[in-house]
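1. Pasting the sequence and the predicted coordinates here, then a few questions.
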Amino acid sequence: MAKVARRNRQLEGQVESLRQPVEEGFVPPTYEDPSIQDAIDTVPQLVAWQYDPDAQDKFARAIEHDELLKVEPAWQNRPLADRLVEVTRRVLAEAAPAPQTQRKDPQAVIAAAPTQSPQQISDFKGGALPNKTEPDYSRMSDEEIIRSLPRM
């Protein structure tokens, strides 16, 4: 009888250890409408973000982009699968690091700059020669300004 009692207590202890609350793990976002999940399933990168706990920020960003595309006239009548492909492209573009441009040596840029003077009017910005004939009114007195004005 003692053996049975000990075995019973051992089994009760095992059952209690199984009843302890299990720490809740990651639960990916789900959708009641199966057509939405079917559309998401057509874009592998989006599915990967949906089920990866470390990529939930990207999945949330994709949802934000989709909400924006829904109201854009160019995307309103497009299929959901096409919209999700565009959403994924935009999120990937945001996450991509900016291309690194090599900084050029200022002295080398100056040395390589053309030293030839303008040959024709189109060489000037705005397509016209700078007008040096206008007086500098900021350095003139009132009488000089009045004398420089054209007479009618």
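-> Noted; the coordinates are in hand.
2. What sits closest to residue 28 if chain neighbours are left out?
-> residue 51 (4.9 Å; Cβ to Cβ, 6 or more residues apart in numbering). Where you see a C-beta, it was placed from the backbone N, CA and C, and this is true even at glycine.
3. Show me what the helix or strand hosting residue 94 is packed against.
-> With elements taken from DSSP states H and E, the one containing residue 94 is helix 80-95. Helix 80-95 is packed against helix 34-41, helix 44-51, helix 56-71, with contacts defined by 3 or more Cβ pairs under 8 Å, 6 or more residues apart in numbering; DSSP states H and E.
4. any idea how far the residue nearest to residue 28 is from residue 26?
-> With distances taken as Cβ to Cβ, to the nearest Å, residue 51 is found 8 Å from residue 26.
5. Not including adjacent chain positions, what is the nearest residue to the residue most central in space within the chain?
-> What sits nearest the mean C-alpha location of the chain, by Cα atoms, centre = their mean, is residue 94, with 3.0 Å. In space, and not counting its chain neighbours, residue 94 is closest to residue 61: 6.9 Å by Cβ to Cβ, 6+ apart.
6. does the one you found really touch residue 88, like I thought?
-> No - using Cβ atoms under 8 Å, residue 61 is not in contact with residue 88; the gap is 10.2 Å.
7. Pick out whichever of these two has more residues nearby.
-> residue 88 (21 against 17; other Cβ atoms under 10 Å).
8. Show me what the longest helix seen in the chain is in contact with.
-> Longest among the helix segments of the chain by residue count, using DSSP state H, is helix 2-19. The contact list for helix 2-19 (Cβ atoms under 8 Å, 6 or more residues apart in numbering) is empty.
9. Give me the distance between that helix and the centre of its chain.
-> In terms of Cα atoms, centre = their mean, to the nearest Å, the centre of helix 2-19 is set 58 Å apart from its chain centre.
10. Alpha carbons of that helix, as PDB, please.
-> Below are the C-alpha coordinates for helix 2-19, written out as PDB (Å, rounded to 0.1, in the frame of the first residue of the first chain):
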ATOM      1  CA  ALA A   2       2.900   2.400   0.800                       C
ATOM      2  CA  LYS A   3       4.300   1.800  -2.700                       C
ATOM      3  CA  VAL A   4       1.000   2.700  -4.300                       C
ATOM      4  CA  ALA A   5       0.700   5.900  -2.200                       C
ATOM      5  CA  ARG A   6       4.200   7.000  -3.100                       C
ATOM      6  CA  ARG A   7       3.600   6.400  -6.800                       C
ATOM      7  CA  ASN A   8       0.300   8.300  -6.500                       C
ATOM      8  CA  ARG A   9       2.000  11.300  -5.000                       C
ATOM      9  CA  GLN A  10       4.700  11.100  -7.700                       C
ATOM     10  CA  LEU A  11       2.100  11.100 -10.400                       C
ATOM     11  CA  GLU A  12       0.200  14.000  -8.700                       C
ATOM     12  CA  GLY A  13       3.400  16.000  -8.600                       C
ATOM     13  CA  GLN A  14       3.900  15.400 -12.300                       C
ATOM     14  CA  VAL A  15       0.400  16.400 -13.100                       C
ATOM     15  CA  GLU A  16       0.800  19.600 -11.100                       C
ATOM     16  CA  SER A  17       4.000  20.500 -12.900                       C
ATOM     17  CA  LEU A  18       2.200  20.200 -16.200                       C
ATOM     18  CA  ARG A  19      -0.600  22.400 -14.900                       C
END
